[in-house]
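Asks: Need the 3D shape of this:
(one chain, ligands or ions: 1)
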Amino acid sequence: MKISTVCLAGVLCSVVRGLTISDKSVNESSSLLQGIIFEDINRCGDGGAYGELLNNRAFQGVLDFKPSLDNYEGINEKSELELVNEPLSDALQYSMKVSEGGFINRGYWGVNVKGGEKYTARFYLKDDSNVQNVKVGLKGVSSEEVFASAKAKKSEGDAYLFPAKSNGFQLYSAELVPKKSAPNSNNAFYLEFDGSDAVFNFVSLMPTLYKGRKNGLRADLAEALEGMGSSFLRFPGGNNLEGQTVDTRWKWNETVGPLINRRGRMGDWTYPNTNGLGMHEYFEWCEDMGMTPILDVYAGYSLEGEEVEEEDLQPYIDEVLNQLEYCLGDETTKYGKWRIQNGRKDPFDVRYVEIGNEDFFSKHYDYRFPAYHKAIKDKYPDIVIIASSEVGINFPKDEVLWWDQHYYKTPEWFIGNFSFYDNYPRNNTKVLVSEYAATDVSATQRLPQVVPHSHLLAAIGEAVWMLGMERNSDQVLGACYAPLLQNIHATQTKAPGIIEFGASSTALAPSYYVQNLYANAFGDKILQLQDPKFDPLFYLANLDTKRNRVHVKVANPTNQTLDFSADIDVQGFKQASASGKAISSYDPNAKNFLDQAEAVSPKPLKVSYHDSHLSFTVGPYFFGVVTLQS
Ligand code: AHR
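Replies: From the prediction side, this is the model:
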């Protein structure tokens, strides 16, 4: 990176002085400039954002997508567990027979036991099982301390998610409310009974979920996600949409309806997915956080390179048309009716559809893209189509079409590319950057042994990149960081997640705080800067006409302490009040870990504002937002 000012570390230098920020708007901000993408990666769906606490609840496997009793143990040495071919449903063919006593399940690297929290335990028990007095509870694995226990009773369930009866099994449930929190997450769920040879399936434990949903998100992670203030959610991938093979692709129709009808699949990130977090849950997530859904649909290409031949493509296109009918159709349509039967009367909000993921790796997006594009547009002319590659396709000239670009680069690359979109061709093709992250880990090193953590310099690099995208927001219509979440026990990508978590705690990366500071600082007008000089400081100002605010955002990717001043020539802001917040540290390598979660976090920024003149000190490795409120 070129640094144009000669300053010693720690010495205050004036680099931006005499700048005028004027009333004139040079661009309209896109409302989708900051979103999130979710896919089950880094064990962040099952065992992460999804509220289910028990690992292998329906014996679908832990490492492979193969029926297994992994993660279950007998409650005492006499309790023998056996996988038996007694189907609970068409999707769940195998159950667990327990000779006597009961069993335990240790969750996903532990179970969080929180005092006062309501946990709902559910399981299916075969009607002809010879058992009485079924009790469930939560206890410490080493201490054996019981935190909560309750008798399980027959349950009426929920017609849409948990049917009361299926295939000779009855649903049971119990509520557990621990009086106190466990000292750590080394806890297990247990079930015990009198009698012998009990056959169980779908053994589930959920805490109180985000927004009180019956099936949905783990509350602490969802609240952290909410803090990003994102305006859209792209789902369900990423690579996890594509399957290693065509046959193992994410199939929308296997992710909806009662949970016992979801067979699951081998995910693309080396572990099975239950699909408990399915298409309804993604749309509900959007509604609960006020986000616009961007639905990514499978488009005939899978990760091992398998690609559907042109003459065989129609059934796959029909699969997407059925998916859209499911989301948008009324009760007179086959799939719309199915959605209603699954408990959702109103259509889902589908206005943006992406065709495939990273199809620049494929050979034949040239015939696949136009075929999907035409089929969708013929039926749904208002849906905005997003291409996952520009390679080999002719973009239609008469339509605004989006092209999804992904950037996993070094912090230096992001800093050096502040102007990337300044001279980008302006035409009907707009840009969505639906995956970006500054990373120091080589892109080929997909399974690092050491957990990568995002550091402060990476976050500042991303902030510079975001400023560059925002000032070009007539061209860059949407953007989001990826990947979103990182389970510390199973991190596996080249780029670290923005929220790191274990069974009972979370840490927010410096990159998270860039998003969080940025989220509140959008405007509908990007203001003109007179004679700006970028590098080492990068900055932008916008006006939020609804909230009567001017935001000035500044990033400093150097170790220098610098000073920023500007005259704000915006009508009505001469006597505005000013406040600011920033992240900054002398250590570009500063990181937040689970046991040191606040090493980098936003602090109030001292700002001076008098008679339209703004000034403040910019610390080293800094991203800050100043808000002028008129
Ligand atoms: O973010 C991780 C992966 O990176 C995504 O699944 C894929 O689209 C990209 O290559």
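Asks: which residues touch the spatially closest residue to Thr20 that is not a sequence neighbour?
Replies: Closest residue to Thr20 apart from its sequence neighbours, by CB to CB, 6 or more residues apart in numbering: Gln530 at 4.2 Å. Placement of C-beta: from N, CA and C, glycine included. Contacts for Gln530 (CB atoms under 8 Å, 6 or more residues apart in numbering) come out as 19-22.
Asks: Quick one: buried ones out of the residues you listed?
Replies: Among the contacts of Gln530, those classed as buried by neighbour count (16 or more other CB atoms under 10 Å) are 19, 21-22.
Asks: could I get those as CSV with pLDDT and distance to the ligand?
Replies: Shown next, in CSV, are the buried ones among the contacts of Gln530 (pLDDT from 0 to 100; distance: CB to the nearest ligand atom, whole Å):
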residue, pLDDT, distance to the ligand
Leu19, 86, 37
Ile21, 87, 36
Ser22, 84, 39
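Asks: Which parts of the stretch 151-300 of the chain are strands?
Replies: 153-154, 165-166, 169-176, 187-196, 198-206, 232-235, 265-266, 272-273, 292-297 (DSSP state E, counting those that start in this stretch).
Asks: of all those, which lies closest to His610?
Replies: If you check each of the strands of the stretch 151-300 of the chain against His610 by CB to CB, strand 232-235 wins as the nearest, at 38.9 Å.
Asks: Please identify the buried residues of stretch 243-258?
Replies: Neighbour-count burial for stretch 243-258 [16+ other CB under 10 Å]: 243-244, 246, 248-250, 252, 254-258.
Asks: pLDDT (mean, whole number) over that stretch?
Replies: The pLDDT scores in stretch 243-258 average 98.
Asks: Start and end of it, how far apart?
Replies: 23 Å (CA to CA, to the nearest Å).
Asks: ok, residues contacting it?
Replies: Here stretch 243-258 makes contact (CB under 8 Å, 6+ apart) with 89, 91, 160-163, 236-237, 240-242, 262-266, 268, 275, 278-280, 298, 300, 302-304, 306, 308, 319, 322-323, 326, 338-339, 342.
Asks: Among those residues, which ones lie close to the ligand?
Replies: The overlap between the contacts of stretch 243-258 and the neighbours of the ligand (CB under 6 Å from any ligand atom) comes to Gly237.
Asks: Which entries within the contacts of stretch 243-258 meet the buried criterion?
Replies: For the contacts of stretch 243-258, buried by 16+ other CB under 10 Å: 89, 91, 160-163, 236-237, 240-242, 262-266, 268, 275, 278-280, 298, 300, 302-303, 306, 308, 319, 322-323, 326, 338-339, 342.
Asks: mind listing which of those residues are in helices?
Replies: Among the buried ones among the contacts of stretch 243-258, the ones falling in helices (DSSP state H) are 279-280, 319, 322-323, 326, 338-339.
Asks: out of the residues you listed, who's nearest the ligand?
Replies: If you rank those by distance to the ligand using CB to the nearest ligand atom, Met279 comes first, at 18.0 Å.
Asks: what about the closest residue to Ile41 other than its chain neighbours, neighbour count?
Replies: Excluding its sequence neighbours, the residue lying closest to Ile41 (CB to CB, 6+ apart) is Trp269, at 4.6 Å. Using other CB atoms under 10 Å, the number of residues around Trp269 comes to 23.
Asks: Tell me which of the buried ones among the contacts of Gln530 fall in strands.
Replies: Under the assignment DSSP state E, the buried ones among the contacts of Gln530 contribute 19, 21-22 to strands.
Asks: quick one: which of those is nearest Gly502?
Replies: Once CB to CB is applied, the member of these that ends up nearest Gly502 is Ile21, at 43.9 Å.
Asks: does Gln560 count as helix, strand or coil?
Replies: Here Gln560 is recorded as coil under DSSP: H, G, I helix; E, B strand; the rest coil.
Asks: you'd agree it is up against Leu537?
Replies: No - if you go by CB atoms under 8 Å, Gln560 and Leu537 don't touch, sitting 9.6 Å apart.
Asks: Kindly indicate whether Ala458 is helix, strand or coil.
Replies: Under three-state DSSP, Ala458 comes out as helix.
Asks: and the closest residue to it other than its chain neighbours, how many neighbours does it have?
Replies: Nearest residue to Ala458, sequence neighbours excluded (CB to CB, 6+ apart): Ala438, at 3.7 Å. By other CB under 10 Å, 28 other residues sit near Ala438.
Asks: Angles on the backbone of Ala438, please.
Replies: With angles defined as degrees, to the nearest 10, Ala438 sits at phi -90, psi 130.
Asks: Show me what it is bridged to.
Replies: On the basis of DSSP bridges, Ala438 is bridged to Lys409.
Asks: Against Trp465, how distant is it?
Replies: Separation of Ala438 from Trp465 (CB to CB, to the nearest Å) stands at 8 Å.
Asks: pull the CA atoms of stretch 408-420 into CSV?
Replies: In CSV, the C-alpha atoms belonging to stretch 408-420 read as follows (Å, rounded to 0.1, in the frame of the first residue of the first chain):
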residue,chain,number,x,y,z
TYR,A,408,-11.5,-13.5,-0.7
LYS,A,409,-8.3,-11.4,-0.8
THR,A,410,-5.6,-10.1,1.5
PRO,A,411,-6.2,-6.9,3.5
GLU,A,412,-3.7,-5.1,1.3
TRP,A,413,-5.7,-6.1,-1.8
PHE,A,414,-8.9,-4.6,-0.4
ILE,A,415,-7.0,-1.4,0.6
GLY,A,416,-5.4,-1.1,-2.8
ASN,A,417,-8.7,-1.6,-4.5
PHE,A,418,-10.7,1.2,-2.9
SER,A,419,-11.3,2.6,-6.5
PHE,A,420,-12.1,-0.8,-8.0
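Asks: Name the residues of that stretch that come out as buried.
Replies: 408-411, 414-416, 418, 420.
Asks: Get me the contact residues on the chain for the ligand.
Replies: Contact residues, the chain versus the ligand (CB under 6 Å from any ligand atom): 39, 41, 237-239, 357-358, 406, 435, 482-483, 493.
Asks: For stretch 464-473, what does the pLDDT average out to?
Replies: 96.
Asks: Report all helices and strands that the helix or strand hosting Trp465 contacts.
Replies: Following DSSP states H and E, one finds Trp465 within helix 456-471. When contacts are defined as 3 or more CB pairs under 8 Å, 6 or more residues apart in numbering; DSSP states H and E, helix 456-471 packs onto strand 32-37, helix 411-416, strand 429-438, strand 476-481, helix 510-519, strand 538-544, strand 549-556, strand 622-629.
Asks: Give the buried residues for that helix.
Replies: Judged by neighbour count (16+ other CB under 10 Å), helix 456-471 contains these buried residues: 456-471.
Asks: quick one: which of the residues you listed is nearest to His610?
Replies: For the buried residues of helix 456-471, the nearest to His610 is Leu467 (25.8 Å; CB to CB).
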